[in-house]
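In: the following block contains a protein sequence and its predicted model.
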Amino acid sequence: LAKTTQPISMDSYEGQEVNITCSHNNIATNDYITWYQQFPSQGPRFIIQGYKTKVTNEVASLFIPADRKSSTLSLPRVSLSDTAVYYCLVGDDRDDKIIFGKGTRLHILP
Amino acid sequence: EPEVTQTPSHQVTQMGQEVILRCVPISNHLYFYWYRQILGQKVEFLVSFYNNEISEKSEIFDDQFSVERPDGSNFTLKIRSTKLEDSAMYFCASSEGNTGELFFGEGSRLTVL
């Protein structure tokens, strides 16, 4: 399983765009990249998943460069309610052991 | 929107007692998981379950733990003899396929005294 590295924490302000970058230097050809969000005392929630280039949904965008050794989760115009831990995961469809790292603790300030 | 439901939301037990945590996965999902999260720490994988058998388990998932899908809808985690260090939030998750898109329940908080 590819190991991921993310910043431990980030602060931002309401209304700003927030970009959280995840490094996964040894990503394998069949691996996809998945991001989850976790609020305190709740289970993680799937945000977005991609394999290459750019993916966008109603919540976020995911940017993946051509070498796929990193990915960036972009949250547009954050609000206080986006304060959470964000996890980057890498794996393929043969992985039944889906491992969460320490994640990035995002704190949105008013 | 379909969701994963877990019961109980909170259970307090004495050390050495058996505990069963219950989960109802989303109905058309085929892959099931248990995770735990000790307060302030990361989400830890315990076990995955597919086709009525364990497909992967972590080193945490020792002989004290077992999982079962007794009736085609419930998915249970049993801890045979609880220890103080089993105190944690336990999350059940399910997925339709093996795509990495897991749907998590709200969790069951276990407190072992």
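Out: In hand now; what should we look at?

In: C-alpha only now, for contacts and for neighbours.
Out: Will do.

In: quick one, what contacts the residue nearest to the spatial centre of chain B?
Out: Most central in chain B under Cα atoms, centre = their mean is B:Trp34, positioned 3.3 Å from the mean C-alpha point. Applying Cα atoms under 8 Å, 6 or more residues apart in numbering or on different chains to B:Trp34 gives the contacts B:45-48, B:77, B:90-93.

In: wait, a helix at A:Ser81?
Out: Yes - under DSSP: H, G, I helix; E, B strand; the rest coil, A:Ser81 sits within a helix.

In: next, the contact list for the nearest residue to it once chain neighbours are set aside, please.
Out: Spatial nearest neighbour of A:Ser81, chain neighbours left out: A:Ile108 (7.8 Å); criterion: Cα to Cα, 6 or more residues apart in numbering or on different chains. Counting by Cα under 8 Å, 6+ apart, A:Ile108 touches A:11-14, A:78-83.

In: only whichever of those are buried, select them in PyMOL.
Out: Selection of buried members from the contacts of A:Ile108 for PyMOL, criterion 16 or more other Cα atoms under 10 Å in any protein chain shown:
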select buried, chain A and resi 12+14+78+79+82+83
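
In: any chance of the contacts of A:Ile108 in TSV, plus distance to A:Thr56 and pLDDT?
Out: Formatted as TSV, these follow (distance: Cα to Cα, whole Å; pLDDT from 0 to 100):
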residue	distance to A:Thr56	pLDDT
A:Asp11	23	97
A:Ser12	21	97
A:Tyr13	22	97
A:Glu14	21	97
A:Val78	16	96
A:Ser79	19	96
A:Leu80	21	96
A:Ser81	20	95
A:Asp82	17	96
A:Thr83	20	97
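
In: ok, so of the contacts of A:Ile108, who is nearest chain B?
Out: A:Thr83 (15.4 Å; Cα to the nearest Cα).

In: that closest one against A:Leu106, yeah?
Out: Yes - using Cα atoms under 8 Å, A:Thr83 is in contact with A:Leu106, at 5.4 Å.

In: sec struct for the residue nearest to the centre of chain B, please.
Out: strand.

In: what sits closest to it if chain neighbours are left out?
Out: Closest to B:Trp34 by Cα to Cα, 6+ apart is B:Cys92, at 4.6 Å.

In: any idea how far whichever helix or strand that neighbour is part of is from the chain center?
Out: Assigning secondary structure by DSSP states H and E places B:Cys92 in strand B:88-95. For strand B:88-95, the gap between its own C-alpha mean and the chain's C-alpha mean amounts to 5 Å (Cα atoms, centre = their mean, to the nearest Å).
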